[in-house]
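# just the structure for this:
(one chain, ligands or ions: 2)
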Amino acid sequence: MQLNTKNSFTQNLPADPILENSRRQVKSACFSYVIPKSPSQPEILHVSRDMAKTLGITEADISTKAFLNVFSGQQVLENTRPYAMCYGGHQFGNWAGQLGDGRAINLFEVEHDNKHWAVQLKGAGETPYSRTADGLAVLRSSIREYLCSEVMFYLGVPTTRALSLALTGDDVLRDMMYDGNAAYEKGAIVTRVAPSFIRFGSFEIFAARQDHKTLKTLVDYTIKHHFPHLGLPSKATYIQFFAEVSQRTLEMIIHWQRVGFVHGVMNTDNMSILGLTIDYGPYGWLEGFDFGWTPNTTDNQHKRYRYGNQPNIGLWNLYQLANALYPLIEDTEPLEDILETYKGDFEKKSLEMMRSKLGLAQNDDQDSMLIQDLEDALLLTETDMTLFFRNLSNFKKGDGAKGLDIVKDAFYIPNDIADNVAQQWRDWFKAYDSRLENELLSDEKRKVNMNATNPKYVLRNYMAQLAIDDANKGDYKRIDELFQLLKQPYAEQPEYEKWFAKRPDWAKHKVGCSMLSCSS
Ligand SMILES: Nc1ncnc2c1ncn2[C@@H]1O[C@H](COP(=O)(O)OP(=O)(O)OP(=O)(O)O)[C@@H](O)[C@H]1O
Ligand SMILES: [Mg+2]
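Ligands and ions are numbered 1, 2, ... in the order given. The predicted structure is shown next:
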């Protein structure tokens with residue numbers, strides 16, 4: 001395996017001088033050197049071929065001992081030096097102090113085809129940032145992270161990627177529902193890839209410690225390496241930097257809303273500075289369309305990170321980042337303007353996104369009303385988001401009276417739609433139908449456009465759980481089946497039609513399907 005490795009992060013940023021792998025507060029440094037734990041019986045379960053190719057890893061490389069060793073933490077490549085990054089974060093609205101890579105270990109960077117990637121193992125053992133935990137990850141959460149990050153990529157959502165999923169051969173103790181029933185589970189490692197894993201919390205930690213020198217070093221590094229088009233460091237450049245991060249964050253969240261993805265733990269330590277979805281923990285996919293839904297049981301009470309609140313939380317998190325950058329800018333006004341812009345852009349971009357889901361290429365002043373009425377109707381009875389929007393593309397001009405039949409499959413209890421609900425839907429379809437009269441595209445063309453924005457297949461919560469249940473029994477075929485299916489989430493793929501269906505009844509209240517804890 002010939003990788004064109006680089007070490008720009010460690011070469012350009014201050015290192016923790018202590019080399020011992022013990023838990024500690026790390027000051028004035030962006031990272032600590034650390035060696036991954038040696039797995040006792042590593043095994044590669046799945047590899048993302050596209051991702052491998054992007055890094056310059058060939059098909060032949062994938063089956064080598066070197067590939068297994070490097071991406072299970074067994075072997076450190078020559079001329080590379082693994083490290084864990086220091087960051088802090090606001091968790092559920094409160095400053096949590098130093099967090100850092102407690103179980104992520106960066107291996108190296110790779111340059112290939114003029115692109116620069118950071119490669120890291122998640123679950124490869126303890127680091128100075130592990131606090132009270134073990135640095136490990138279990139198979140169930142690793143399958144979820146591995147599949148979902150690649151699925152998001154194929155859905156066109158900005159995201160960190162995954163290269164491989166490996167078993168370590170070691171058991172890991174977890175109390176999955178935090179109810180005193182701890183049990184051993186299989187340990188696993190996901191190799192993650194992104195241009196950078198720097199988070200909002202990477203900056204917050206230095207601002208909180210009033211270490212403005214290291215803060216500036218990290219901001220300048222980030223701009224030079226990841227936002228080079230913004231130019232040399234200056235106050236104006238820092239403001240531009242914040243504006244671009246805001247924009248990217250908003251764009252990412254609008255994509256989440258489009259596909260029905262609920263992140264589940266939008267703490268500032270889980271916000272990428274590049275606007276990539278990061279940390280696939282207790283995330284979930286909407287089944288019934290519901291602004292109030294979150295899969296994360298830890299957040300059950302306040303539902304801070306519910307579907308409908310994600311854009312607001314994006315803004316809240318950007319406030320924290322603005323506070324962290326303030327010492328370098330010393331002027332609140334431009335930062336406040338950018339946050340105001342986020343609010344306006346959010347309205348604009350949500351409307352654009354919903355228009356595209358409805359196949360509306362023209363602008364009409366009444367569209368926000370039409371969309372509001374649709375959202376009201378979707379909330380009346382449990383209505384599957386993915387099925388609804390996908391089936392809506394079969395609607396043809398003049399179909400007003402048939403609308404309900406066209407989307408009927410999306411209702412969880414189709415035979416039990418109350419008269420007033422049915423009436424509300426009929427009214428909505430009538431309005432939609434007359435709105436379509438302003439559209440210039442043919443029914444066929446509109447359908448093509450809608451199907452490019454409304455996925456036919458997503459990683460439904462129960463689908464990942466089926467793959468996990470099989471994997472816990474030693475059968476890994478379902479991981480590959482879902483991987484292959486979700487590489488083309490917008491394509492019809494008739495051979496996979498069985499996955500174009502509502503959540504089955506058994507999954508409604510099952511742990512791992514509708515409920516997820518942070519235990520991973
Ligand atoms: N098993 C663990 N061992 C050590 N540290 C952990 C463990 N699980 C979580 N942490 C740490 O707790 C903090 C919050 O955890 P969170 O669940 O957001 O992250 P994560 O899933 O471990 O990682 P990432 O954000 O890199 O995807 C992070 O600092 C993380 O490294
Ligand atoms: Mg995290």
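# just the buried residues of the helix or strand Glu111 falls within, please?
Applying DSSP states H and E as the criterion places Glu111 in strand 104-112. Within strand 104-112, the residues scored as buried using 16 or more other Cβ atoms under 10 Å are Ala104, Ile105, Asn106, Leu107, Phe108, Glu109, Val110. For the C-beta atoms, the positions are set from N, CA and C on the backbone; glycine is no exception.
# gap between the second one and ligand 2?
Taken as Cβ to the ion, to the nearest Å, the spacing of Ile105 relative to ligand 2 amounts to 14 Å.
# ok, now the last one?
Computed with Cβ to the ion, the distance linking Val110 and ligand 2 is 23 Å.
# quick revisit: hmm, the strand holding Glu111 in reach of ligand 1?
Yes: remark: strand 104-112 sits within contact range of ligand 1 at Ala104, by Cβ under 6 Å from any ligand atom.
# show the average pLDDT along that strand.
Mean pLDDT, computed over strand 104-112, is 98.
# and that strand, what does it pack onto?
strand 5-6, helix 8-12, strand 83-85, strand 115-122 (3 or more Cβ pairs under 8 Å, 6 or more residues apart in numbering; DSSP states H and E).
# so which of the ones you listed gets nearest ligand 2?
Among the helices and strands packed on strand 104-112, strand 115-122 comes nearest to ligand 2, with 9.4 Å by Cβ to the ion.
# extract the CA atoms of the helix or strand that the closest one is followed by and return them as CSV.
Note on strand 115-122: by DSSP H and E, the next helix or strand toward the C-terminus is helix 139-155. Coordinates of each C-alpha in helix 139-155 appear next as CSV, following Å, rounded to 0.1, in the frame of the first residue of the first chain:
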residue,chain,number,x,y,z
LEU,A,139,-19.9,-2.8,16.8
ARG,A,140,-23.6,-1.5,16.9
SER,A,141,-22.6,2.2,16.9
SER,A,142,-19.8,1.6,14.5
ILE,A,143,-22.1,0.0,11.9
ARG,A,144,-24.4,3.0,12.3
GLU,A,145,-21.6,5.5,11.8
TYR,A,146,-20.0,3.6,9.0
LEU,A,147,-23.2,3.2,7.0
CYS,A,148,-24.7,6.5,7.7
SER,A,149,-21.7,8.6,6.8
GLU,A,150,-21.4,7.0,3.4
VAL,A,151,-25.2,7.1,2.8
MET,A,152,-25.2,10.9,3.6
PHE,A,153,-22.4,11.3,1.0
TYR,A,154,-24.4,9.5,-1.6
LEU,A,155,-27.5,11.6,-0.7
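# list the buried residues in the next helix or strand after helix 139-155.
Per DSSP H and E, the first helix or strand lying C-terminal to helix 139-155 is strand 161-174. Judged by neighbour count using 16+ other Cβ under 10 Å, the buried positions of strand 161-174 are Arg161, Ala162, Leu163, Ser164, Leu165, Ala166, Leu167, Thr168, Asp170, Val172, Arg174.
# strand 161-174 close to ligand 1?
No: judged by Cβ under 6 Å from any ligand atom, strand 161-174 and ligand 1 are separated, with a smallest distance of 8.1 Å.
# would you confirm that Leu167 contacts Val190?
No: Leu167 is not in contact with Val190 according to Cβ atoms under 8 Å; the separation is 11.2 Å.
# contacts only, for whatever residue of the chain ends up closest to ligand 2.
Closest to ligand 2 within the chain is Asp279: 3.9 Å, counting by Cβ to the ion. Going by Cβ atoms under 8 Å, 6 or more residues apart in numbering, Asp279 touches His263, Val265, Asn270.
# and the last one, how far is that from Leu3?
With the distance defined as Cβ to Cβ, to the nearest Å, Asn270 ends up 28 Å from Leu3.
# identify the residue of the stretch 301-450 of the chain closest to ligand 1, quick one.
Nearest residue of the stretch 301-450 of the chain to ligand 1 (Cβ to the nearest ligand atom) works out as Tyr305 at 11.9 Å.
# got the residues of the stretch 51-200 of the chain near ligand 1?
Counting by Cβ under 6 Å from any ligand atom, the residues of the stretch 51-200 of the chain near ligand 1 are 99-104, 122, 129-130, 133-136.
# okay, the residues you listed in CSV with distance to Asp376 next?
As requested, those are exported to CSV (distance: Cβ to Cβ, whole Å):
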residue, distance to Asp376
Leu99, 40
Gly100, 44
Asp101, 44
Gly102, 43
Arg103, 43
Ala104, 42
Lys122, 41
Tyr129, 46
Ser130, 47
Ala133, 44
Asp134, 47
Gly135, 47
Leu136, 46
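# most neighbours out of those residues, which is it?
Among these, the one with the most neighbours (other Cβ atoms under 10 Å) is Asp101, at 27 neighbours.
# which residue packs closest to that one, ignoring adjacent ones?
Once flanking residues are discounted, Asp101 sits nearest to Ala84: 3.8 Å by Cβ to Cβ, 6 or more residues apart in numbering.
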